[in-house]
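missing the sequence, but the structure's below:
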Ligand SMILES: [Zn+2]
């Protein structure tokens, strides 16, 4: 049976890798620009702006992909704007059937008008909490440091993340342009997070090779990897079958290190040519702990249901596979174990039972 978009929207989903500034509604960008006298938008028509973001993001290069963020971040410079974007993100998750989301952002990008980092985090948390109360979507926040910035800033951001650990922040990430900016430059910030017994995910192996994934795990202590697209460089593959694995790939497999796979985004940034050629298929078949993610919904013009559908279509996944991937994602979330178990047993499993009944009845 074909898994339609409408059907996929009804199944409970979990999203671990989604950028707050990459998923703002185009209409909201326009309204916020007006409020804040931000004059740099290329158009004030929502459809045209949506098309502009997509065109800009789909040029096959990560640095070009990142250009659109100038505008989304450009209008996320007040407490009200941050709260609104966070609240609407939760509403959009609800419409898409996402029951748990980890949203991430870099506070340094929202301080252009002088907001303190604390105020930025608090404003986002306010919006998320309000959204959770209204729509019932649970969340965790990941605070990002930027790999091209001074490692001393990363240390401050790591301390900020830990400070908010019981208030909704669940981990620390390193994001941004990968080439030329190895994660190990920021090793002090990561060691601080480790000493605090806190959580780490790192963007690695998207634009840069397996070395970056190795550094993220073995130097920086990453508990999850964002993308990991180029992990297959550590495997000998012939005709879609893995002949042998290097020690890094074997380690990732054996330690069950979760991989935050972003199919469409990887095509848009040029990490892979087509979804069909994405290593996700191999990683899933060889039992890596893969999850499906959106990365930047506005720039890529997608929802998580779209990603589930793309995975089903290109890699022949059935509902059982999607359930497994969703449960994998929830197991890999950074909220406490008890919370994860509750969502798996009270929300995800019953949700998939219902979906299966619905499928049979058709
Ligand atoms: Zn990302």
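Yes, it's here. From a predicted model like this one, the values you see are computed outputs, not experimental measurements.

Would you mind listing the residues in contact with the closest residue to residue 344 other than its chain neighbours?
Nearest residue to residue 344 in three dimensions, chain neighbours excluded: residue 330, at 5.1 Å (C-beta to C-beta, 6 or more residues apart in numbering). Quick note: C-beta positions are derived from backbone N, CA and C, even for glycine. Counting by C-beta atoms under 8 Å, 6 or more residues apart in numbering, residue 330 makes contact with 14, 100, 340, 343, 344, 348.

Mind checking which of these land in helices?
Taking DSSP state H, the ones among these that sit in helices are 340, 343.

most surrounded residue in the contacts of residue 330?
Counting by other C-beta atoms under 10 Å, residue 14 has the largest number of neighbours within the contacts of residue 330, with 28 neighbours.

right, and that residue touches residue 98 too?
Yes. When contacts are counted by C-beta atoms under 8 Å, residue 14 is listed as touching residue 98 (7.0 Å).

what about the strands in the stretch 151-300 of the chain?
Counting by DSSP state E, counting those that start in this stretch, one finds strands in the stretch 151-300 of the chain at the ranges 169-175, 200-204, 224-227, 235-238, 241-245, 259-261, 290-292.

helices and strands of this protein: which one bottoms out on pLDDT?
The weakest-scoring helix or strand in the chain, judged by mean pLDDT, DSSP states H and E, is helix 62-65 (a mean of 72).

Quick check: buried residues in that helix?
For helix 62-65, a neighbour-count test (16 or more other C-beta atoms under 10 Å) marks 62, 65 as buried.

now swap in stretch 29-45 and tell me
29, 30, 31, 32, 33, 36, 38, 41.

can you count the residues close to the nearest residue in space to residue 227 that is not next to it in sequence?
Excluding the flanking residues, the one nearest residue 227 by C-beta to C-beta, 6+ apart is residue 206, at 3.9 Å. By other C-beta under 10 Å, the residues close to residue 206 number 25.

same deal with residue 80?
Residue 80 has 13 nearby residues by other C-beta under 10 Å.

Same check on the one 10 residues further on?
Neighbours of residue 90 under the rule other C-beta under 10 Å: 25.

and it, which of the three is it?
helix (DSSP: H, G, I helix; E, B strand; the rest coil).

and residue 130, how many neighbours?
16.

tell me the contacts of it?
Contacts of residue 130 by C-beta under 8 Å, 6+ apart are 83, 87.

That one - that's part of a helix, no?
Yes. Assigned with three-state DSSP, residue 130 falls within a helix.

Residue 108 contacts residue 148, doesn't it?
No. Residue 108 lies out of contact with residue 148 (C-beta under 8 Å); the separation is 10.9 Å.

Make JSON lines from the strands of the stretch 151-300 of the chain and add mean pLDDT, distance to residue 83 and mean neighbour count to it.
As requested, the strands of the stretch 151-300 of the chain are exported to JSON lines (pLDDT from 0 to 100; distance: least, C-beta to C-beta, whole Å; neighbours: other C-beta atoms under 10 Å):
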{"stretch": "strand 169-175", "mean pLDDT": "96", "distance to residue 83": "16", "mean neighbour count": "25"}
{"stretch": "strand 200-204", "mean pLDDT": "95", "distance to residue 83": "24", "mean neighbour count": "28"}
{"stretch": "strand 224-227", "mean pLDDT": "96", "distance to residue 83": "26", "mean neighbour count": "27"}
{"stretch": "strand 235-238", "mean pLDDT": "96", "distance to residue 83": "45", "mean neighbour count": "14"}
{"stretch": "strand 241-245", "mean pLDDT": "96", "distance to residue 83": "46", "mean neighbour count": "13"}
{"stretch": "strand 259-261", "mean pLDDT": "98", "distance to residue 83": "26", "mean neighbour count": "27"}
{"stretch": "strand 290-292", "mean pLDDT": "98", "distance to residue 83": "28", "mean neighbour count": "25"}
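
want to throw those into JSON lines with distance to residue 21?
Listed next are the strands of the stretch 151-300 of the chain as JSON lines, based on distance: least, C-beta to C-beta, whole Å:
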{"stretch": "strand 169-175", "distance to residue 21": "10"}
{"stretch": "strand 200-204", "distance to residue 21": "14"}
{"stretch": "strand 224-227", "distance to residue 21": "15"}
{"stretch": "strand 235-238", "distance to residue 21": "34"}
{"stretch": "strand 241-245", "distance to residue 21": "36"}
{"stretch": "strand 259-261", "distance to residue 21": "17"}
{"stretch": "strand 290-292", "distance to residue 21": "21"}
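
So for residue 53, which of those sits nearest?
strand 169-175 (18.1 Å; C-beta to C-beta).

And residue 350, how far from residue 342?
12 Å (C-beta to C-beta, to the nearest Å).

ok, the two, which is more surrounded?
Looking at residue 350 and residue 342 with other C-beta under 10 Å, you find the greater number of neighbours at residue 342, namely 14 against 11.

Look up how far residue 329 lies from the more buried one.
15 Å.

what's the residue nearest to residue 192 when sequence neighbours are not counted in contact with, if anything?
Spatial nearest neighbour of residue 192, chain neighbours left out: residue 158 (5.1 Å); criterion: C-beta to C-beta, 6+ apart. Contact analysis of residue 158 by C-beta under 8 Å, 6+ apart lists 145, 172, 189, 190, 192, 193.
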